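>>> Sequence plus the predicted model coming up.
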Amino acid sequence: MPIPPVIYEDETLIAFDKPSGMLVAPDRWDKTRENLMGLVHDKMGHGVANVHRLDADTSGILLCTKEKAALDFVSGQFQSKTVKKVYHALCVGAPDAKLFVSNPRDELPPEPLADDEFFVDRDLVDDEENPGRMRTVRKHGKASQTVFKVLERFGAFTFVECRPVTGRTHQLRVHLQYCGLPILNDPFYGDGVTELKLSQLKRGYKGRLDEKPLIARLALHASRLTVKHPVTKEMVVIEAPLPNEFEVALKYLRKFVRGK
């Protein structure tokens, strides 16, 4: 498999547009599974290092550095929570009005919220009954905070912008499930039932009998990342466009469902 597309590169930084389904680093149990950093190291050398991770099923921006000093500088920004991250998710369900006026612990969000935004402050812990998954707790877990913004409503589906304040494993997926808005096609936290097919949206559909979903992967994409450059100290904004299947799904939702 070729290296994923490069969406930003200079003397010290390089960012890839990781596809859904690709591991970032070697699998803990199966070392033979192909992963992004293995491909990068084979073709670009081991001096390139990733400064954060994405779930295998999540697509989008994966930022790397080309030298140790840059790695230390950028990693420090992730640790201090000064990196601004934006994800987009297509969720199952419609947001409850209560989401926009309260949050579990009544903590203040990091910035004033707009009318279409809501804030989740809910700790995460390992789910003992489901190894590899996380669950929310009211306190005594890993502090986890996310600001969400409803971008578009499509009846049984909602298009959401996610701005994580912290960077916990599966944070966005668990927080959205907690709010009653699981991400479409989430094998861990989704409803396990809902699909998005054109026949559901278009009245009088006369397509293929073996119709495939408009989007069959986890509907979560890392769209934008803002960091301070390790050399120039200027803010760098890196963007990854929505994958084609996202665009196709949104096109048909906007055409046949919006406003219903």
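Received it, and whenever you're ready, just let me know what you need.
>>> Would you enumerate the residues in contact with the residue nearest to Y87 when sequence neighbours are not counted?
In space, and not counting its chain neighbours, Y87 is closest to C162: 4.2 Å by Cβ to Cβ, 6 or more residues apart in numbering. For glycine as for every other residue, the C-beta is placed from the backbone atoms N, C-alpha and C. When contacts are counted by Cβ atoms under 8 Å, 6 or more residues apart in numbering, C162 touches 86-89, 146-148, 172, 176.
>>> Give me the neighbour count for E11.
10 (other Cβ atoms under 10 Å).
>>> Got phi/psi on it?
Backbone torsions for E11, taken as degrees, to the nearest 10, come to phi -70, psi -30.
>>> wait, it sits on T232?
No. Taking contacts as Cβ atoms under 8 Å, E11 lies outside contact range of T232: 10.2 Å.
>>> Which one of the contacts of C162 is nearest to R224?
The nearest member of those to R224, counting by Cβ to Cβ, is V86 at 4.0 Å.
>>> Downstream of the helix or strand hosting the closest one, the next helix or strand is which one?
Assigned by DSSP states H and E, V86 belongs to strand 84-92. Using DSSP H and E, the helix or strand that directly follows strand 84-92 along the chain is strand 117-121.
>>> who's in contact with stretch 229-239?
Contacts of stretch 229-239 with the rest of the structure, by Cβ under 8 Å, 6+ apart, involve 7-8, 11-13, 15, 61, 63, 65, 69-70, 73-74, 223-228.
>>> Check stretch 74-82 too.
Against stretch 74-82 from outside (Cβ under 8 Å, 6+ apart): 13, 51-52, 63, 65, 83, 165-167, 227-228, 230.
>>> go again using 10 Å as the cut-off
With contacts defined as Cβ atoms under 10 Å, 6 or more residues apart in numbering, stretch 74-82 is touched by 12-13, 49-52, 63-65, 83-85, 110, 145, 164-167, 226-230, 236.
>>> Can you tell me which of the residues you listed are buried?
Neighbour counting by 16 or more other Cβ atoms under 10 Å classes 12-13, 49-52, 63-65, 83, 85, 145, 164-165, 227, 230, 236 among the contacts of stretch 74-82 as buried.
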